[in-house]
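> predicted coordinates and the sequence they were generated for:
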Amino acid sequence: MIDGPRLVAGIDSSTQSCKVVVRDARTGALVRQGRARHPDGTEVDPEHWWTALQEAIAEAGGLDDVAAISVGGQQHGMVCLDEDGAVVRPALLWNDTRSAGAARDLVDELGGPDAGGRAWADAVGVVPVASFTITKLRWLAEHEPEHARRTAAVCLPHDWLTWRLSGSTDVADLTTDRSDASGTGYWSAATGSYRPDLLERAFGAVPHLPRVVAPGAVAATAATGAVLGAGAGDNAAAALGLGAGEGDVVVSIGTSGVVTAVTDVAPSDPTGSVAGFADATGLYLPLVATLNGARVLDAAARLLDVDHDTLSALALEAPRGAGGLVLVPYLEGERTPNRPDATGSLHGLTLATATRPALARAAIEGLLCSLADGLDAVVATGVEPARALLVGGAAASEAVRTVAAEVLGIPVDVPPPGEYVADGAARQAAWALSGADAPPAWEREGTSRHVAEPDDTVRRRYAEGREQHLDRTT
Ligand SMILES: Nc1ncnc2c1ncn2[C@@H]1O[C@H](COP(=O)(O)OP(=O)(O)O)[C@@H](O)[C@H]1O
Ligand SMILES: O=C(CO)[C@@H](O)[C@H](O)COP(=O)(O)O
């Protein structure tokens, strides 16, 4: 039991920004919040995350009166530390595709696309693609052997921030949690253990790895005296913040596009479409992630020279299907499907579809169709969705909410605007503070429902376009 009003903080150190929420531990009521931007790029010095966190904390009025803190963060980023705890090189982020060749090699070494995919999925619940930490470590060993030799410990963005908040500089004190460990490629959600043999195969050595802290347990104490929770990967934190349960599929459109669900069976997909991650409560989190989320809409808005509200209004002027215009959104290459060198493409351009509304609508439909493919893959693992919970920066777009209901084929519930990753981290912090068996029940009101007549024409047309794209030249 938590006696009296106590404050907890949740942090979301995501790809584009850092967000901090301070909430009442018992009720979950929002007390104050802050945010700060991260630099662009797929290779980032972790010190920028620390600076942004300090800015966001300051905007949130400081954390001196906060009793517990947890950090949610972008998954998979490779943070290499030397034996003194110094960062060896800038972190390679989840959306950095330079390790695509290393990913192919790791699958080939265990038997190629079929047998190798099965072997990896059985061993660690994921089949290597460029996003996962293990492939980045192989890339480092091959391309920067001096940096690889200096690497005494490897951790993830949320692990590093939790450790910095603790004030430690000793790599032996690093901690992580199940959800983020399950995105490395060398920890199995099904068995709850590291696979040092696979790490050694990939990297040629086994650096020190963070201790995996159980859900709801205390990882360390912050320099301020606050309890530090285990933290989580951002997708697991979002599911916790939303209180996602049976029948809920979370669709998040931030930098990444993500479709995920909380299940009690560890998923294992040898095709690699669905990653078999762990969640933040002791269960599992089958997850499909794309590299091309809200930035597809940023690009469309830039092309049309409009802001997001106008992009949304334009899209809603066009008919469903955009008159046959299809935008395949592989602007950053793609991870699901695994096409790291792909580029985006526009199909069905005619004099009639060469309009601003059609282009706006095609961008939104293309983005949602790629996530609908992800939903199909999650459903194929046995998840039975009753509704989608739509979150992330792009959920603010009316056109995105409308098209999501049309394309996903299930009711789309949009919770009130909020920082669900940071909220999940805050809820975890309250859980660690309470010492209870389960996280506190925080109520949330104000969800709006979007439904549409089922019609698969848009998806069928997208599926034709999806198979035709050019690779990037260099
Ligand atoms: N109204 C909107 N319509 C569409 N996209 C939006 C809107 N508002 C913000 N975004 C986009 O959402 C993204 C940020 O979402 P967020 O979930 O915070 O990302 P991340 O957590 O990956 O940093 C940005 O690319 C931003 O441009
Ligand atoms: O790679 C994944 C999930 O596997 C991404 O979801 C990252 O975790 C980044 O998340 P956002 O910054 O887009 O929230």
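Looks like it arrived, so ask away. Residues are numbered from 1 along each chain as shown. Ligands and ions are numbered 1, 2, ... in the order given.
> going forward, measure contacts and count neighbours with C-alpha atoms only.
OK.
> longest helix of the chain?
helix 356-380 (DSSP state H).
> pull the residues that contact the very next helix or strand once past that one.
Next helix or strand after helix 356-380 toward the C-terminus (DSSP states H and E): strand 387-391. With contact meaning Cα atoms under 8 Å, 6 or more residues apart in numbering, strand 387-391 is reached by 247-253, 401, 410-415, 420.
> of those, grab the buried ones for ChimeraX.
Selection of the buried residues among those in ChimeraX, burial being defined by 16 or more other Cα atoms under 10 Å:
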select :248,249,250,251,252,253,401,410,411,412,413,414,415,420
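> least confident pick among the contacts of strand 387-391?
Comparing pLDDT over the contacts of strand 387-391 singles out residue 247 as the least confident position, at 92.
> does it touch residue 379 like I think?
No - here residue 247 lies out of contact with residue 379, judged by Cα atoms under 8 Å, at a distance of 10.7 Å.
> report the two of the contacts of strand 387-391 separated the most.
In the contacts of strand 387-391, two members sit farther apart than any others by Cα to Cα. They are 410 and 420, at 21.4 Å.
> quick one: residues contacting the one residue in the stretch 301-450 of the chain that gets nearest to ligand 2.
Scanning the stretch 301-450 of the chain for the residue nearest ligand 2 gives residue 392, at 7.4 Å (criterion: Cα to the nearest ligand atom). When contacts are counted by Cα under 8 Å, 6+ apart, residue 392 touches 252-254, 419.
> from these, which are also near ligand 1?
residue 254 (Cα under 6 Å from any ligand atom).
> out of the contacts of residue 392, which is nearest to residue 39?
Distance to residue 39, by Cα to Cα, is smallest for residue 254 among those, at 15.7 Å.
> which non-adjacent residue is nearest the closest one?
Spatially, and ignoring its direct neighbours in sequence, residue 254 is nearest to residue 392 (4.7 Å; Cα to Cα, 6 or more residues apart in numbering).
> likewise for residue 13?
With Cα to Cα, 6+ apart as the measure, residue 73 is the residue that lies nearest to residue 13, at 4.5 Å, once sequence neighbours are left out.
> which ones are touching that neighbour?
Residues in contact with residue 73 (Cα under 8 Å, 6+ apart) are 11-14, 157-158, 232-234.
> show me the residues you listed that map onto helices.
Counted as lying in helices by DSSP H, out of those, are 157-158, 234.
> if we look at ligand 2, which of the residues you listed are close to it?
Applying Cα under 6 Å from any ligand atom to the ones in helices among the contacts of residue 73, those adjacent to ligand 2 are residue 234.
> who wins on neighbours among the ones in helices among the contacts of residue 73?
residue 158 (31 neighbours; other Cα atoms under 10 Å).
> that one contacts residue 230, doesn't it?
No - here residue 158 lies out of contact with residue 230, judged by Cα under 8 Å, at a distance of 9.3 Å.
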